[in-house]
Structure formats: structure tokens, C-alpha cells
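>>> Prediction below, plus the sequence it came from.
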Amino acid sequence: MQRLYDFIRRHPTGVDTFWGVVLFGFSVLWVGTTYPALGNPVAYGVVGALFSLVVALRRRTPERMLVLAVALGLAQLVFGLEPFMADFAMLVVIFTVAAHDGPRWASRLALVGGLCAAPLAALRWPIAEPSSGPAKVFFVVMMTVPFVLAWVLGDSLRTRRAYFAQLEERASRLEREREAQAKVAVAAERARIARELHDVVAHNVSVMVVQADGAAYVMDSSPETAKQALDTISTTGRQALAEMRRLLGILRTGEHQEAGEYVPQPDVQQIEDLVEQVRGAGLTVDFAIEGSPRPLPSGVELTAYRIVQEALTNTRKHGGPDVGASVRLVYFDDGLGLLVEDDGRGAPQEMYEDGGADGRGHGLIGMRERVGMVGGTLDAGPRPGGGFRISALLPLKPAH
């Protein structure tokens, strides 16, 4: 049964042709049985054949078949060909046009034609037996009902199809939106990981380079100092590897995680450890906390840590010899303030304006992105009298 249904759906014109042939056969049979009463059986045969063509091609060209059916109906009225079996094609084509998602004029023409068919036929061929006026009206109304039902059923089918098509389009659009959102989320996650890797690598490698240069300088004169520098390099390298494993582990979803040291996300309390680490690398840093320390959102704490880390890294890279720095954390009622300054020569102008014309100003770009993610503000640039200043205000709640 399913195969037959599939065949019918795949060959609609063939099925309509079959029913057109059946309708033509019944029409010829009707003409043959009523031949003595017909004035012109050939005309009936031609009209029946054309109505059968209407049924056969109703789904391929519904508007043209509707016009042909209207023309045949008018020809019957003009030439006095009484309604017969082939006129059933009018009901079929009215239903088809109403169900077809085509121009609205065709559907309106089908409805008007259906409403006018029975009254015109009653006027052209009055009922022979005597009957009252109300009886004639009732008869005309009853003959009009099938045409109206055909149009109503077809229009309901068209509306239902349009509704399901709209649901499918909506589901498809939602699927595309979900895919787009997933891609955006992946891109955002990759950008976050890139910022994290930049902060981790830039800071720790900078510390290791400074310690390695110092160890090479005092290797012969002070072996103990060189040994401490090498220990610092080893500790810093392990921390960098641990953080890199943690970040890259995000990209290994579903895989077996490698054994190693994993550390939690840095927070504000670890800024003091960061300052001590930088001091151990040879940079003089003044650190102070103002206000009453209290727990902060994890995003704010990570942003504060990374800003201080990036600022001190830039101080070592661009501040020059004998540079000093200061770090201030200020706890407000509604947020956390950061101020990182140094008295060095500062970065070149292109390093902090618009990300850098040379494409190297990624550290400050990362700072602005981090601060923007938590709804804060960032000000970075040279300070009066020399040096560089980075100031940030991180609210407790992101701005809407």
C-alpha cells in the first residue's frame, strides 16, 4: 500500500490523466444512453473531451485549466448544451486552484465561477415541473453548495500547506541560527584562549629571559645567585606549562587528559604573588591595597590579574634599565580599581593607539577586550613626566 501511495505522489500527472480518461469514458457512456434526446452528440463529446483534459492537466497548469473550464461552461450556456457528467471537472478544477499556491485572482475567479454556475444553469434550463419560488431557490442553493465546499476545502488545504511550510522554514532558520551561535561561541572561546595564552607566555617567558640573562652575567662571580636565578627559571617554566596545559585542555574535549599539574584560574589574591615573582626577576615594584578586600566575581578577579600581569610584562619589555613600577588595588563599593604605573621610557606611540600600526599592540588590545567583557573601563597611555600608566575600573556587575 505504501508503494502505491509513493507511486501516486511521484506521478501526479499520470494519476490525473487516468481520472481524466475515466471521466471521459463516463461522459461518452452518458451520451450514448441519452443519444435520442440530444440535439448534437458530437458537441457533447468535444466538450467532454476538453473537460477530461482539464482534469488531466489540473496540477500542471491550474490557472489555464480554470480559464478553459470557465470557457467551456460559457459555451454550454451559449449553445444550449445541458449539464452532464463531464461538468464534474468544474468541481475538480475549483478545488485544485483554491489549493494551489498561485495568483489570488485565480482563486477568486474559481469562487465566483462556482457561486454563479448553479444560478446561471437554473436560468438557462428552468425546471420543467411546476414548483414554487422558494423551492427553486432551495434547489439552486443546494446545487451551489458542492462548488463552495470544493473551494473551501482547497483553500483550507492551501492554508495548511503554507502553515507547515512556514514551520519548516522556521525550524530551518532556527537550526541555522543555532549553528551560527555555535560558531560565534567557538570563535569567542578561541579568542579567550588566545588572550590567556598571550598573557601566560608573554609574562613567564619574559621572566625566564630576564633570569637567564642575570644568571649568565653572574655565573662566574656569584654561582649561588646564578643558581637562584635558574631555580626561578625552572619554577616559572613549570607554572607556564601548567597554565598552558589547563588552557589547551579545553580544546581536548572528549580526549584523555594528560597527567600534569593543573592550576585554578588566577584571582586577585595571587596578584601579590605575581608582584613578588616580578621583584625576584629584578624589577622594583611597589604594591598597595586600599579599601576592604572582599570576594569578587571570578571574571573580575581573572581580568584584574591579567591586567596587572600584562602591565608589568610591558614594563620589563619597554621600560628600559632601572625602571620601577607601582601597583594599586582600590576596593570601591561597586567595583575594583586598578592603577599600574612605571617611571621608564614607556612603549612607542604606535604600541597603544588603535592596536599599533605595526600590528604588535596585542597586549593592550587584550586588556581592552577583557575589561569590556566585564563591563569596565580602561585608560592606557604615557603619564606626565615620563613612564606609562594603565588604569582600569571593573564593576561588580556588568553594565546592561
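Perfect, thanks for sending it. Residues are numbered from 1 along each chain as shown.

>>> SS state for the spatially most central residue of the chain?
Compute the mean C-alpha point of the chain, and by C-alpha atoms, centre = their mean the closest residue is E177, 1.5 Å away. Assigned state for E177: helix (three-state reduction, DSSP: H, G, I helix; E, B strand; the rest coil).

>>> Please apply the same query to G237.
Put simply, G237 is helix when judged by three-state DSSP.

>>> Give me the neighbour count for it.
Counted with other C-beta atoms under 10 Å, the neighbours of G237 add up to 14. Just so you know, the C-beta spots here come from the backbone N, C-alpha and C atoms, and that holds for glycine as well.

>>> In contact with it, which residues?
204, 208 (C-beta atoms under 8 Å, 6 or more residues apart in numbering).

>>> Tell me if I am right that D286 is in a helix.
No. D286 is assigned strand when assessed by three-state DSSP, not a helix.

>>> Quickly note the distance from E272 to P293.
Remark: distance between E272 and P293 (C-beta to C-beta, to the nearest Å) = 11 Å.

>>> I should have written E168 there, sorry.
If you go by C-beta to C-beta, the gap between E168 and P293 works out to 57 Å.

>>> and if you look at L396?
On the measure of C-beta to C-beta, L396 and P293 end up 13 Å apart.

>>> Then G366?
On the measure of C-beta to C-beta, G366 and P293 end up 25 Å apart.

>>> Who has more neighbours out of those two?
Neighbours of G366 and P293, each counted by other C-beta under 10 Å, are more numerous for G366; the result is 21 against 12.

>>> Go ahead and confirm that one touches H198.
Yes. Applying C-beta atoms under 8 Å, one finds G366 in contact with H198, separated by 6.0 Å.

>>> unless I'm mixing things up, P103 is touching E63, no?
Yes. Under the criterion of C-beta under 8 Å, P103 makes contact with E63 at 6.8 Å.

>>> can you give me how far stretch 312-326 is from the chain middle?
Stretch 312-326 sits 46 Å away from the centroid of its parent chain (C-alpha atoms, centre = their mean, to the nearest Å).

>>> per-residue confidence averaged over that stretch?
Averaged over stretch 312-326, pLDDT sits at 83.

>>> List the buried residues in it.
312-319, 323, 325-326 (16 or more other C-beta atoms under 10 Å).

>>> now the helices: where do they sit in the protein?
2-10, 12-33, 41-56, 62-79, 88-99, 104-124, 133-217, 223-249, 271-280, 298-318, 362-373 (DSSP state H).

>>> how about low-confidence regions in this protein?
Segments of the chain classed as low confidence (criterion: pLDDT under 70) are 35-39, 128-132, 189-190, 192-193, 199-200, 202, 246-264, 346-363, 397-400.

>>> Can you tell me, leaving aside adjacent residues, what's nearest to G387?
Counting by C-beta to C-beta, 6 or more residues apart in numbering, G387 lies nearest to D343, which is 4.4 Å off, once chain neighbours are set aside.

>>> Then A121?
Nearest non-adjacent residue to A121, counting by C-beta to C-beta, 6+ apart: P83, 5.9 Å away.

>>> swap in E301?
Nearest non-adjacent residue to E301 (C-beta to C-beta, 6+ apart): D267, at 3.9 Å.

>>> How about G48?
S27 (3.5 Å).

>>> That'll do, ta.
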